[in-house]
Structures are given as C-alpha cells and as structure tokens.
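[1] Sequence and computational prediction follow.
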Amino acid sequence: MIENLPWLTLVPPIVAIALAILTRKVMISLGAGVLVAALLIAEFNPLETLRLVWEAFAGIFWVDGAVNTWYVYILIFTTLLGVIAAFIMMSGGTKAFADWAVERIKTRRGGQILPAILGIVIFIDDYFNALAVGQISRPVTDGHRVSRAKLAYIVDSTSAPVAVLAPFSSWGAYIIGLLAPIVAASTLGVSNVEAFLGAAAANFYAIAAAILVWLTIGLRADLGTMRREERRAISEGRPFADGDVVPGQLSDDLPVHEPGLRRAVIVPFIALVFGVLAGIVWSGVAASGSWAPVDILASTDTSGALMVGGILGIVCAMYYYLRYTAPNPKFGWSTFGQGWVGGAKAMAPAVGILILAWMLGGLIDTLGTGVYLGELVESANIDPAWLIPIVFLIAAAMAFSTGTSWGSFGLLLPITGGIVNAVDAPELLLPMLGAVLAGAVAGDHSSPISDTTILSSTGAGCNVITHVVTQLPYVGIAAGAALVGYIVLAATQVIWLGLVVTLVLLVGVMLLTRMFLTPVEAEVDAESVSS
C-alpha cells in the first residue's frame, strides 16, 4: 500500500504534530502517531501492529542482544539531572544562588543574557546544553520574572544553532563524518574541516537564529503568544500557567534547608560539566587513538560522557545535602529518599515524551518518510543553483515531520552532494550542504516531536507545547530571512551576499516590529501607574 501511495508516509508525523498543537497533550499525541505509523507499516493487521509497537519500545532499551546505551544513558542522565536539582534545592543551594544572582543581575534583560551566554559557551553538545543551561539559569530568570517560555526559547536557540556551527562539537564531528565522502568525490579540493566551515558559513538559519536571540533580548521584542507568557510572569510573578504540565519542575513539598550556600549549586554543576567534558575526551581518545579534537569528537561516546558527568554531579549534590542537613532532625533518611523520588518524578514527563518521540522516529524511519522527501529532491528537474532554497525547505519539512535534524542530515547531505557532484558544479557544493544543515535545524527547532525541543523545555521547566507555540514566530522570522538569503545566493552564487541579505532582513524586521510593539514591561508599568 505504501509503495503505491508514498504520501501516506507523511500521515503519522502530521497526526502527532496536529494533535499536539490542538490538544496540548504531547504524550497522547505522540502515542497516536506511533499507533498510526505501526498500522500503516503492518497494513492494518492488529497483531502485527502490536508487535511493531512493542519492538519500537523495547528497541530503546535493548538492541542486538545488549543494552541500547545511547538511549538508556540519556534517559538516566535526564533523571539524574532532576535528582541533582532536588538535592541542590533541599540543601538550600538553589535559593542561596538565586538570591546572590538576583542581587548582582539587576534587570530582566540581565537575567536573559545569562542563559544566552551560557548557551554559547556550553556548545560541546546540544543535549547537555539544553538541560544544563536551563537548570542553572532558572532561579535567576524566575527571580527577575522572566517566563519559562522565554527561557526555553533562549536555551533552544543557543543549543543546536550554536552546536551545528562549531566544528569542535558533537554535531560538528557527526557532520564532518557525513561530509567526508561527499568532499572526496568532488573536485572542490578542500579538507573535510574546511568543507564544514564553508557549509557553516552558508548555514544562514543557524546564524540568524543565534543572532535573533540577542536582538530579542536587546529590543525586548516579545512576539505572538510570548507576550502573554511574559505578561503573566511580570504582572503576577508566575513563570508558567496554572495547570501546565511542566517537565523538570520540582514539587513545593520538598523541604529546603536554611541558610544555604552558593557552593551547593556551583560545585555540583562544575563537576557535571567537568565530568561530561572529561568523558567526551576519554572515550574519544580511547576509540580513535588520537588527541586531535575532530578525531576525538568523531569517535566519542556522548551519552556515556553524560553519564560520567551525571554521576559526578549527583555525588557532589548529595555531599552538600548531607553535610548541611545532617544536624537538622527534619532531614532524615526519609527526606533523603524524597529527594530521589521527587527529582525522578519531576523528570518523568520528559522521560515519557522522549521514549514516545524515539519510538515515533524509529517507526517513521521504517515507514520511509525521510526517503520519500529525499526522492522529491532527486526528482527536481531544475537549474542546480535553484535547488539551494528548495533543499532548505525540504530539509526543514523533513526535520519537522520526523523530529530529527541528524536524520535529515544523514539522508539529505549524501543526496544533495551526489546531485552537485554529478553535474560537476563544485561551486554549489558548500552552499547546498549549508542549506541542508540550515533547513534541518529550522525544522527541528519548530517540531514538537523533536528531542532537542523536549529537552530544552525540560531544562527550562516549560510546557513543551507552550515552548513550541511561543518559539514559532521567532523561527518563522529567522527561517524567512534565511530563505530570502538562499534565493539571493541561488541567483548570484555568492555566499557572503546571501548572508548579508539574511542578516539585514532579520535586523530590519525586528526593528520594524519593535516600532509597532510596546515592550511588555512598559505596558505592565503603564497599567500599574494608571490603576
């Protein structure tokens, strides 16, 4: 049936995404997508459908006769981060750090700059970035009445967009590995790293998305439903709506020791960062036998490195908890157990959503959704230069519907590289590859079934659908500016001109928006004065 009607491969992601937006119930929506995908693969055989659903679930934990460490370690790390946050909060570290930071970071703008800087600095891996930056920044943004939706947007827009531009990141290493055979088959005459840097320069969306964060903070430009979230946070002091399912949000029932010390939050997170970086280097050197950064990142075990950091972080968090609370009879072994249970419980929604998103991704891959979209690129019979904006749009559609930018990279980079090499147009190779990278990140950025979207929401303590809906206007502006840039690039074949057009359009739109939109803070201040 699928062979005769290949467009049906788009139905499961469309069902999941549409339901998620309409119902705001992400797990139910993902579950519906999983069921539809399994039904299509099984050609509506109920027993075969159940078998496929079970295999998709079991494959996350066990594959080829062994534990699937990639997925399992990420789930454990996500849970550990919740437990670390619980013990830090119970030891009084969170409150102490928040009080100290709020005294020194005097403005809401400063509170937003903190996660923006951290997001750029912690570029080594997007998963780690998404979870750690939100956890570290949340007390500060809460203290300055910044909505969780704004924090999630800042975290999400400085994780993947920055990681995809950095050769010395997990993304960079993966992409360089994909580019190697494409570059070798071309007449371009550049190294793999040079090819990556050239494609990064043509990654207009990632550059625009990262710059847009700073324009948004500097101009205080809250667009669409982000205005509602910011208004509530400023006027009512509530960073998220009542009734929202917020992954990563700890229960108010956990006891908090007073007074707390800042080191109870600083040391565990430093240990976590050090452990992740050490794990990346150790596993990369062990696998590659080389100390070259690109070789290390190409061979490293990122999920294993996350586990190393998670274990170091939890050991430090428990140490400070036990040290500071030991004299207090209120904090016994039952309270210690509450920390573990409360932390794990806070991350349970994120874990459930990740499992269902991975199940849907695996079934969509089996169904051939990505292959169908890739064939659309191969079948396009036009001037190769005009494939640049087209592959940007197709990569965005693929990542949006599959929830994975890496999957889109793996499928579309070889296809587009093969097309360019076949027509012997080496001058188009790097712009075309850059457009694929840009489109995949844009689609991933706007997809409610993307794991990076889910983890950014988790780190920021924001409802997933709230994050997606509030982020969409910003994605639309950055993607629209990038698309115009790619059209200019296709017409002129000059990368820098396309990039300049993208950035000029981006800045122009934001300045124009700022002229017609009063900052939410100013509106709230004016209302309080008039009342």
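    Everything's here; your move. Because the structure is a prediction, the values reported are computed rather than measured. Numbering: from 1, shown residues only.
[2] need the contact list for Leu497.
    Counting by CB atoms under 8 Å, 6 or more residues apart in numbering, Leu497 touches Val488, Leu489. (C-beta placed from N, C-alpha, C; glycine too.)
[3] What separation do you get for it and Pro426?
    Separation of Leu497 from Pro426 (CB to CB, to the nearest Å): 19 Å.
[4] ditto for Asn203
    19 Å.
[5] Of these two, which one has the most company?
    Neighbours around Asn203 and Pro426, counted as other CB atoms under 10 Å, are more numerous at Asn203. The numbers are 26 against 15.
[6] Would you confirm that the more buried one contacts Ala163?
    No: using CB atoms under 8 Å, Asn203 is not in contact with Ala163, being 11.4 Å away.
[7] all strands in the stretch 401-531 of the chain, in order from the N-terminus.
    With DSSP state E, counting those that start in this stretch as the criterion, the stretch 401-531 of the chain has no strands.
[8] how near is Trp333 to Ala264?
    Distance, Trp333 to Ala264, by CB to CB: 20 Å.
[9] neighbour count winner among these two?
    Of the pair Trp333 and Ala264, Ala264 is the one with more neighbours under other CB under 10 Å, namely 27 against 7.
[10] What count of nearby residues applies to the closest residue to Ala478 other than its chain neighbours?
    Using CB to CB, 6 or more residues apart in numbering and skipping the chain neighbours, the partner closest in space to Ala478 is Ala208 (4.1 Å). A count of neighbours around Ala208, defined by other CB under 10 Å, yields 29.
[11] Now Ala208: which helix or strand?
    When elements are assigned from DSSP states H and E, Ala208 belongs to helix 204-219.
[12] what packs against that helix?
    Counting contacts by 3 or more CB pairs under 8 Å, 6 or more residues apart in numbering; DSSP states H and E, helix 204-219 packs against helix 108-121, helix 148-157, helix 160-163, helix 429-445, helix 464-492, helix 495-516.
[13] do that again at 10 Å, thanks
    helix 108-121, helix 148-157, helix 160-163, helix 192-201, helix 387-402, helix 429-445, helix 464-492, helix 495-516 (3 or more CB pairs under 10 Å, 6 or more residues apart in numbering; DSSP states H and E).
[14] Save those as a markdown table, and put in mean pLDDT too.
    Converted to a markdown table, the helices and strands packed on helix 204-219 look like this (pLDDT from 0 to 100):
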| stretch | mean pLDDT |
| --- | --- |
| helix 108-121 | 89 |
| helix 148-157 | 94 |
| helix 160-163 | 87 |
| helix 192-201 | 85 |
| helix 387-402 | 88 |
| helix 429-445 | 92 |
| helix 464-492 | 95 |
| helix 495-516 | 94 |
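[15] Out of these, which gets nearest to Leu131?
    Closest of the helices and strands packed on helix 204-219 to Leu131 is helix 148-157, at 8.9 Å (criterion: CB to CB).
[16] ok, and for the longest helix along the chain, which residues are buried?
    Longest helix in the chain, counting residues (DSSP state H): helix 333-367. Applying a neighbour-count criterion of 16 or more other CB atoms under 10 Å, one finds 335, 338-340, 342-347, 349-367 buried in helix 333-367.
[17] Same question for stretch 219-238.
    For stretch 219-238, burial by neighbour count (16+ other CB under 10 Å) applies to 219-223, 226-235, 238.
[18] what residue ranges in the stretch 251-400 of the chain score low on pLDDT?
    Across the stretch 251-400 of the chain, residues meeting the criterion (pLDDT under 70) sit at 251-253, 329, 370, 373-374, 376-378, 380.
[19] State the phi and psi torsions of the closest residue in space to Pro431 that isn't next to it in sequence.
    Once flanking residues are discounted, Pro431 sits nearest to Ala202: 4.6 Å by CB to CB, 6+ apart. The phi and psi torsions at Ala202 (degrees, to the nearest 10) take the values phi -90, psi 10.
[20] show me what contacts Ala202?
    Residues in contact with Ala202 (CB atoms under 10 Å, 6 or more residues apart in numbering) are 388, 429-438, 485-486, 489, 495-496, 498-499.
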